[in-house]
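Peer 1: compute the structure for the input listed below.
(4 chains)
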2 protein chains.
Amino acid sequence: MSAVAKPLAKPAAGRGASLKSEFVAFKTNRIVEVASHLFYQRGYSSCTLDNVADNLGVTKPFLYSYFKNKEAILAAICEVGISEALTILETTLAGEHKNHRELLAEVVRQVGRIVIDRQEYVVVYLREMKHLSATDHERILRLRHSFDHQIAELIREGIEAGEFRQDTDSFVAVWIGGLISWIPTWYSPDGQRSAEEVVDQLVSAALRLAGAE
Amino acid sequence: MSAVAKPLAKPAAGRGASLKSEFVAFKTNRIVEVASHLFYQRGYSSCTLDNVADNLGVTKPFLYSYFKNKEAILAAICEVGISEALTILETTLAGEHKNHRELLAEVVRQVGRIVIDRQEYVVVYLREMKHLSATDHERILRLRHSFDHQIAELIREGIEAGEFRQDTDSFVAVWIGGLISWIPTWYSPDGQRSAEEVVDQLVSAALRLAGAE
DNA sequence: GAAAAAAACTACTGGCCAGTAGATGCGTTT
DNA sequence: AAACGCATCTACTGGCCAGTAGTTTTTTTC
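Peer 2: Predicted coordinates for the structure are as follows:
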């Protein structure tokens, strides 16, 4: 991985955001980035903040200038893991589409891409969420429920519109969520399959599950 | 959960297995059972052996009479998580079947049942496997690969026999594995859905993925 | 029922690690 | 160039926990 890959947030342009606050955002992002990678590899509980600091070329107290404690870093990672997927879902739902079949395909494609792109964040989010404080845990869970609910709604409308098989159950939304969440546990960027190939197959599988193919 | 549920291994009958070795097996199983539950709830790394001992009503050194160290307990849990699924898969494959469609349905049904039955073991296995020593890790991974391979082979034969859609890709085996592994992350024995209902839906989803419905 | 063997316990240690107090350096202002 | 303020560091602590040494309790054997 390059030293500074895929910034999580674009620097806010000009007015309002001072150069200084951009620096702070940059450093915060780098901490989340490195922590995400290490938590992904070695697990949240068995990874120390000294490890994270070492990988950043700084010392542990540095981290405490940007995060309240270890758990706050995890919360930031989980936030990325779910909220990027949720955002792209809502953007796609709000966009143009011919019919429910095309919409489902596009939603699954976009979300699949994000999940592959943010693989490590997604894995950490799914695996380590339970280590969050009650408050953070609830906040993240609400985002997840919103995501699941909107997918379920899309399926329901597609059935109603007669575009998906009538015997398609509300379970299908769960299975599609499963397909998506399952990707990061076996897909590797260094593997044989290209990301686009995986996403194509994912879309095809989701349409089969919905009985829309 | 009852105090002593679902023994992992039947006591070997009579000859060969002394009463004493049955006691040892019983206690070993209880340790694995309780550890599995705690590792499932709180994660392997953040769960102490004192916790495990407390829950068993014994003290920590007791555990060291039955396991070399903490990691050996994890290895035993992972072993259950994958090998029971593998065993039922092979038993089912070896049995009678009308055609590939029926065989796939039966395999998915049987494995699905085991995964629900051994939910906590499966979750711990999937989530914590990387904390195993290199030797144990490889052994468990071999079992997993054997599992995946046999599912893939079943799909391939079904396509060849013309029972599954011809454009079905080898990916489908991965997706079916995903559906199965995904169950324990959302299914709860105390929830609304009965285990049999979930398994029925799982079978139906797997057949759709294979294009056999 | 005494002696031997086995099983489980009490009590400890050495290392690790999240989090902190206070020092140090470094850029900016005047 | 002195003084200020901010960013980061050095150095530490208190608690936790895997693993162990050696003792006590229970069971078995004769």
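Peer 1: okay, CA-based contacts and neighbour counts for the rest of this
Peer 2: OK.
Peer 1: which non-adjacent residue is nearest the residue sitting nearest the centre point of chain A?
Peer 2: Centrality entry for chain A: nearest residue to the mean C-alpha point is residue A:81, 3.2 Å, by Cα atoms, centre = their mean. Closest residue to residue A:81 apart from its sequence neighbours, by Cα to Cα, 6 or more residues apart in numbering or on different chains: residue A:122 at 4.4 Å.
Peer 1: now the helix or strand containing the one you found, how far from the centre of its chain.
Peer 2: Residue A:122 is part of helix A:119-128, with elements assigned from DSSP states H and E. Offset of helix A:119-128 from its chain centre (Cα atoms, centre = their mean, to the nearest Å): 8 Å.
Peer 1: tell me the gap between the helix or strand following that helix and the middle of its chain.
Peer 2: Downstream of helix A:119-128, the next assigned helix or strand under DSSP H and E is helix A:134-160. Distance of helix A:134-160 from its chain centroid, counting by Cα atoms, centre = their mean, is 14 Å.
Peer 1: counting by contacts, list what helix A:134-160 packs against.
Peer 2: Helices and strands touching helix A:134-160, by 3 or more Cα pairs under 8 Å, 6 or more residues apart in numbering or on different chains; DSSP states H and E, are helix A:70-94, helix A:100-117, helix A:171-186.
Peer 1: need the residues of chain A near chain B, please.
Peer 2: By Cα under 8 Å from any Cα of the partner chain, the residues of chain A that approach chain B are A:42, A:45-46, A:127, A:130-131, A:171-172, A:175, A:178-179, A:182, A:201, A:205, A:208-209, A:211.
Peer 1: just the buried ones from those?
Peer 2: Neighbour counting over these (16 or more other Cα atoms under 10 Å in any protein chain shown) leaves A:127, A:131, A:171-172, A:175, A:178-179, A:182, A:201, A:205, A:208-209, A:211 as the buried ones.
Peer 1: DNA strand C is nearest to which of the helices and strands packed on helix A:134-160?
Peer 2: Nearest to DNA strand C, of all the helices and strands packed on helix A:134-160, is helix A:70-94, at 3.9 Å by Cα to the nearest atom of the strand.
Peer 1: the closest one and DNA strand C in contact?
Peer 2: Yes. With Cα under 7 Å from any atom of the strand as the criterion, DNA strand C is reached by helix A:70-94 at A:70, A:71.
Peer 1: list the buried residues of that helix.
Peer 2: Buried, per 16+ other Cα under 10 Å, within helix A:70-94: A:70, A:72-82, A:84-86, A:88-89, A:92-93.
Peer 1: state the mean pLDDT of it.
Peer 2: Across helix A:70-94, pLDDT averages out at 98.
Peer 1: so which residues make contact with stretch A:174-194?
Peer 2: Contact partners of stretch A:174-194, identified using Cα atoms under 8 Å, 6 or more residues apart in numbering or on different chains, comprise A:111-112, A:115-116, A:119-120, A:122-123, A:148, A:152, A:195, A:202, A:206, A:209, B:175, B:178-179, B:182, B:205.
Peer 1: buried ones in the helix holding residue A:122, by neighbour count?
Peer 2: For helix A:119-128, the neighbour count (16+ other Cα under 10 Å) marks A:119, A:120, A:121, A:122, A:123, A:124, A:125, A:127, A:128 as buried.
Peer 1: redo those residues as JSON lines? Include pLDDT.
Peer 2: Below are the buried residues of helix A:119-128 laid out as JSON lines (pLDDT from 0 to 100):
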{"residue": "A:119", "pLDDT": "97"}
{"residue": "A:120", "pLDDT": "98"}
{"residue": "A:121", "pLDDT": "98"}
{"residue": "A:122", "pLDDT": "98"}
{"residue": "A:123", "pLDDT": "98"}
{"residue": "A:124", "pLDDT": "98"}
{"residue": "A:125", "pLDDT": "98"}
{"residue": "A:127", "pLDDT": "97"}
{"residue": "A:128", "pLDDT": "98"}
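Peer 1: hmm, back to that, how about the buried ones among the residues of chain A next to chain B, which pair is most distant?
Peer 2: Farthest-apart pair in these is A:131 and A:211; separation 37.6 Å (Cα to Cα).
Peer 1: ok, residue A:116 to chain B distance?
Peer 2: Per Cα to the nearest Cα, to the nearest Å, residue A:116 is found 15 Å from chain B.
Peer 1: next one: residue A:69
Peer 2: Noted for residue A:69: a distance of 17 Å to chain B, by Cα to the nearest Cα.
Peer 1: what's that residue sitting at in phi/psi?
Peer 2: Note on residue A:69: its backbone torsions stand at phi -160, psi -180 [degrees, to the nearest 10].
Peer 1: tell me who's in contact with it.
Peer 2: Going by Cα under 8 Å, 6+ apart, residue A:69 touches no other residue.
Peer 1: sketch out the low-pLDDT regions of chain A for me.
Peer 2: A:1-17 (pLDDT under 70).
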